[in-house]
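**Student:** Okay, structure incoming, though there's no sequence with it:
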Ligand SMILES: Nc1ncnc2c1ncn2[C@@H]1O[C@H](COP(=O)(O)OP(=O)(O)OP(=O)(O)O)[C@@H](O)[C@H]1O
């Protein structure tokens with residue numbers, strides 16, 4: 001029999017490579033595990049950890065446990081480590097069987113997390129039902145999990161992702177005339193490609209249409225398994241029955257000749273008639289040079305859409321929407337601070353938000369700008385960004401929704417002149433530059449203009465608490481950078 005410590009070590013080792021370092025350090029390393037009969041019990045420090053692990057990592061853990069225990073463990077349970085507690089309150093157990101339906105359990109003590117837990121439990125059951133429904137018509141093991149939270153309703157749109165959103169939304173309509181086939185979505189990691197594709201799949205489910213969602217890795221594994229067991233035709237027949245085929249991370253197929261050739265045969269089926277194909281990749285088809293021309297040209301047959309890193313206001317909206325979905329309130333200045341410091345990846349944005357909530361829950365602190373700044377000090381420290389006048393102008397411009405060009409320009413309307421004065425005052429406070437140097441850097445202005453700006457800002461800070469708060473927020477943001 002394989003011993004528990006070695007199973008758990010192997011799982012942790014795999015998880016370390018699958019998640020970001022800060023997620024691993026914060027959420028996974030503190031877990032421990034022991035075995036009771038065929039059950040692996042994972043112990044977490046508190047209720048919030050249990051909820052978080054169940055929501056974000058339990059499925060991966062279940063798969064890894066199945067792999068490393070070679071089937072000797074049938075169930076994984078996550079529960080609070082009661083070693084330090086007087087009572088063994090088994091009501092705090094949350095479980096997820098490897099093969100059967102999850103068993104939702106009573107909630108943690110903090111009422112704010114009650115709603116998260118209930119939503120998750122319901123979502124997990126829904127997701128398992130979807131799994132079960134699909135398992136009737138196809139091999140359940142080949143199906144990736146359809147994330148119940150990845151829907152159009154939870155997706156925040158902005159300039160960076162609008163086209164991709166609209167293209168997917170059209171596909172989700174049963175009778176859409178604006179279908180492009182294949183739809184190819186590309187962009188860097190963590191920007192919502194999978195979220196959008198799952199959203200389409202949810203709509204297909206709602207319309208009683210069938211689909212297959214594969215990551216390329218799963219597709220390859222399934223293919224290899226089918227080839228080894230002489231079941232390749234059955235496998236393809238099953239896939240061809242569905243209305244929609246989604247293949248995530250298609251770039252992973254590069255260099256896998258057998259798998260990519262089999263994929264091409266499916267490609268033909270899904271880009272004709274009423275069927276639909278959606279592909280996602282980290283780069284544009286023209287940059288997929290590891291694939292030969294046959295693939296690259298086919299990938300671009302339909303519509304190719306990019307998802308780019310979201311703009312600051314979209315990042316703020318994403319944070320506030322996620323916070324609301326947890327039943328939490330995130331003050332605007334806190335959302336701005338996080339969005340300012342986590343710029344290019346929504347997954348990391350979520351990580352930062354989770355870190356804030358975990359911190360608030362563990363310490364009982366209220367969520368204020370100072371608290372957020374403290375909770376994210378490591379993330380902020382990593383963002384090495386000197387406080388200089390260019391940066392100050394950029395941050396102030398974003399905050400007040402004007403452009404850097406406006407700040408450097410000559411317009412005197414208050415909506416522009418005020419941010420300009422604030423940027424000058426911040427430059428004076430946060431850099432060692434002199435009045436004349438600041439004036440020079442702000443479009444060649446005289447030093448007296450800068451002195452006047454600093455006086456004005458000081459006066460307004462004394463007279464208007466809201467103005468003072470904005471100024472402090474900006475100073476904090478800049479210093480944190
Ligand atoms: N515009 C958005 N609105 C709400 N949530 C978003 C948005 N963009 C991304 N997310 C969230 O960010 C996380 C990462 O998104 P997702 O997994 O879809 O990224 P991806 O582009 O597929 O990344 P990868 O290429 O690494 O698989 C998810 O939790 C998703 O819900």
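**Tutor:** The structure has been received and is ready for your questions. Just so we're clear, the structure is a prediction, and the values are computed from it rather than from any experiment.
**Student:** Just give me the neighbour total for the residue in the chain that the ligand sits nearest to.
**Tutor:** Shortest the chain-to-the ligand distance, computed as Cβ to the nearest ligand atom: residue-wise this is residue 192, at 2.8 Å. All C-beta spots, glycine's among them, are computed from the backbone N, C-alpha and C. Counted by other Cβ atoms under 10 Å, the residues lying close to residue 192 total 24.
**Student:** same check, this time on residue 46
**Tutor:** Residue 46 has 18 neighbouring residues, counting by other Cβ under 10 Å.
**Student:** How about residue 62?
**Tutor:** Residue crowding around residue 62 was assessed by other Cβ under 10 Å; the count is 19.
**Student:** can you check residue 36 too?
**Tutor:** Tallying neighbours of residue 36 according to other Cβ under 10 Å, which is how burial is gauged here, yields 10.
**Student:** Next, it: phi, psi?
**Tutor:** Reported as degrees, to the nearest 10, the phi and psi values for residue 36 are phi -130, psi 120.
**Student:** what's across from it in the sheet?
**Tutor:** For residue 36, the residues forming beta bridges with it (DSSP bridges) are residue 39.
**Student:** any idea how far it is from residue 4?
**Tutor:** 10 Å (Cβ to Cβ, to the nearest Å).
**Student:** now the strands for this protein?
**Tutor:** Chain-ordered strands for the chain, with DSSP state E as the definition, fall at 32-36, 39-44, 75-80, 94-97, 183-186, 211-215, 244-248, 276-281, 303-306.
**Student:** Which strands or helices does the third one pack on?
**Tutor:** The helices and strands touching strand 75-80, judged by 3 or more Cβ pairs under 8 Å, 6 or more residues apart in numbering; DSSP states H and E, are strand 39-44, helix 47-56, helix 58-68, strand 94-97.
**Student:** Give me every residue in the stretch 151-300 of the chain lying close to the ligand.
**Tutor:** Taking Cβ under 6 Å from any ligand atom, the part of the stretch 151-300 of the chain that reaches the ligand is made up of 154, 155, 156, 161, 189, 190, 191, 192, 193, 194, 195, 282.
**Student:** Can you tell me which of those comes closest to residue 226?
**Tutor:** Within these, proximity to residue 226 (Cβ to Cβ) peaks at residue 194, which comes in at 24.2 Å.
**Student:** Pull the contacting residues for the closest one.
**Tutor:** Residues in contact with residue 194 (Cβ atoms under 8 Å, 6 or more residues apart in numbering) are 147, 150, 248, 280.
**Student:** Setting aside sequence neighbours, what's the nearest residue to the residue positioned nearest the centre of the chain?
**Tutor:** Within the chain, one residue has its C-alpha closest to the average C-alpha position: by Cα atoms, centre = their mean, that is residue 347, at 2.8 Å. Closest residue to residue 347 apart from its sequence neighbours, by Cβ to Cβ, 6 or more residues apart in numbering: residue 190 at 3.5 Å.
**Student:** Can you report how many residues neighbour the closest residue to residue 74 other than its chain neighbours?
**Tutor:** Nearest residue to residue 74, sequence neighbours excluded (Cβ to Cβ, 6+ apart): residue 38, at 4.3 Å. If you count neighbours by other Cβ under 10 Å, residue 38 ends up with 12.
**Student:** Report the buried members of the contacts of residue 194.
**Tutor:** With neighbours counted by 16 or more other Cβ atoms under 10 Å, the contacts of residue 194 contain buried members at 147, 150, 248, 280.
**Student:** can I get the helices and strands packed on strand 75-80 in TSV with mean pLDDT and distance to residue 420?
**Tutor:** Compiled in TSV, the helices and strands packed on strand 75-80 are given as follows (pLDDT from 0 to 100; distance: least, Cβ to Cβ, whole Å):
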stretch	mean pLDDT	distance to residue 420
strand 39-44	90	50
helix 47-56	79	43
helix 58-68	88	50
strand 94-97	27	54
